[in-house]
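> for reference, the sequence and a predicted model appear below.
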Amino acid sequence: MIIDGKELAARLKSGMARRVAQLRELYGRVPMLAVVLVGENPASRSYIRGKIKAAGEVGIESLLVELPVTVSESELLANIERLNADERVDGVLVQLPLPDHICENRVIASIALEKDVDGFHPLNVARLWRGEECMLPCTPKGIMRMLADNNIEADGKRAVVVGRSNIVGLPMAKSLLNANATVTIAHSHTKNLGDITREADILVVAAGCAHLIGADMIKEGAVVIDVGINHDAVTGKLCGDVDFEACRNRASYISPVPGGVGPMTICMLMDNTIECFERRRK
Ligand code: NAD
């Protein structure tokens, strides 16, 4: 079975559009997402375009704040402070990566906790790891929805997450742990990666290495979720970390790239923006 993230995201977004219309009725306004872009990184620009487009589809207002690559850290922080204080703004997202002269951690920590739509604020991270209610980062949230939508139970399963970043790998592993899976985290220093990935009932790969996972590295019947976004060195086409064609007949469920995790990540950003709006109203 192919897990079609694009179709699921479209389905969820139409539900969100109905919810946003209700919010307009109830409160006389709709959620607003502020997106801060520093510099001209083409990948960042393309991600932001996708996010603003999705906001438009569900009726969320968006506000794009573009700053030059030379912006100082204090100027960036002042912009975030302004968005934190702006009553109309429900969610604040700073597109990563930031230029080297800016401390990403300081910037992330400056976002108001109640507007942290990415779920990267240190207090949100702490809440996730303490098992408390939190704003879950969009990629793991989207993957958990993909599993749920396909009735894939994590409880009691062996799960392996390849990658240990703050953005994907770590919150993914904790989400699976919260769902009672037995979780192993593999990373760039892991020896004999295949021995570990072959144990997985649920394998989530977020390494950013094209063709990292071949058919010989997955168990027959495994659920395989591919987070990677790469360009194939030969064809130049977008591809994930999993060799999709080789693995598709061995896996029970597999998510493609493009059309898998990517659209779900953006969809969950909309979900988190609505959640921020609703929590702020409570
Ligand atoms: P990152 O570079 O911060 O982390 C990559 C992780 O993979 C590291 O923990 C590293 O140890 C591990 N790794 C790297 N090479 C490895 C190897 N050969 N074997 C085992 N582990 C290895 O990246 P990230 O931000 O976590 O993103 C990972 C990938 O997912 C990238 O391709 C990124 O573009 C993509 N991504 C996709 C979405 C989406 O919505 N689809 C969202 C975020 C990131």
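Done, it's in.
> going forward, measure contacts between C-alpha atoms and count neighbours the same way
Fine.
> next one: the nearest residue to Glu153 once chain neighbours are set aside from the ligand, what distance?
Ranked by Cα to Cα, 6 or more residues apart in numbering and with sequence neighbours excluded, the top spatial neighbour of Glu153 is Leu147, at 7.3 Å. Applying Cα to the nearest ligand atom, to the nearest Å, the value for Leu147 to the ligand is 15 Å.
> quick check: Cys239 vs the ligand, distance?
Note on Cys239: its distance to the ligand, by Cα to the nearest ligand atom, is 9 Å.
> give the contact list for that residue.
Applying Cα atoms under 8 Å, 6 or more residues apart in numbering to Cys239 gives the contacts 210, 228-232, 257-258.
> hmm, Met268 and Leu12 touching each other?
No. Applying Cα atoms under 8 Å, one finds Leu12 not in contact with Met268, separated by 9.1 Å.
> when the two are compared, which one has more neighbours?
Legend: neighbour count by other Cα atoms under 10 Å for Leu12 and Met268, higher for Met268 (25 against 18).
> contact partners for the more buried one?
Met268 touches 138-139, 141-142, counting by Cα under 8 Å, 6+ apart.
> between the residues you listed, which sits nearest the ligand?
Thr139 (5.5 Å; Cα to the nearest ligand atom).
> backbone dihedrals for the residue lying closest to Glu133 once chain neighbours are set aside, please?
Counting by Cα to Cα, 6+ apart, the nearest residue to Glu133 once its immediate chain neighbours are dropped is Arg127, at 6.5 Å. Note on Arg127: backbone dihedrals following degrees, to the nearest 10 are phi -60, psi -40.
> tally of neighbours for Arg127?
For Arg127, using other Cα under 10 Å, the count is 15.
> correct me, but it touches Cys134?
Yes. With contact defined as Cα under 8 Å, Arg127 and Cys134 form a contacting pair (5.7 Å).
> between these two, what contacts are shared?
Contacts common to Arg127 and Cys134, judged by Cα under 8 Å, 6+ apart, are absent.
> ok, the nearest residue to Val69 once chain neighbours are set aside - contacts?
Distances taken as Cα to Cα, 6+ apart place Gly39 nearest to Val69, at 3.9 Å, with adjacent residues excluded. Counting by Cα under 8 Å, 6+ apart, Gly39 touches 66-70, 99.
> buried subset of those as a PyMOL selection?
This is the PyMOL syntax for the buried subset of those, where burial follows 16 or more other Cα atoms under 10 Å:
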select buried, resi 67+99
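> nearest to Lys6, of the contacts of Gly39?
Glu66 (28.1 Å; Cα to Cα).
> quick check: that closest one vs Glu40, distance?
Distance, Glu66 to Glu40, using Cα to Cα, to the nearest Å: 9 Å.
> of all the contacts of Gly39, which two lie farthest apart?
Top of the distance list for the contacts of Gly39 (Cα to Cα): Glu66 and Pro99, 13.6 Å.
> got any residues that touch both of these two?
Counting by Cα under 8 Å, 6+ apart, the residues touching both Glu66 and Pro99 are 38-39.
> just the helices in the stretch 1-150 of the chain please.
5-27, 42-58, 73-85, 104-110, 122-129, 138-149 (DSSP state H, counting those that start in this stretch).
> turn those helices into CSV, including distance to Lys219.
Listed next are the helices of the stretch 1-150 of the chain as CSV, based on distance: least, Cα to Cα, whole Å:
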stretch, distance to Lys219
helix 5-27, 22
helix 42-58, 33
helix 73-85, 46
helix 104-110, 38
helix 122-129, 29
helix 138-149, 18
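> quick one: closest of the ones you listed to Ala179.
When those are compared (using Cα to Cα), the closest one is helix 138-149, at 9.1 Å.
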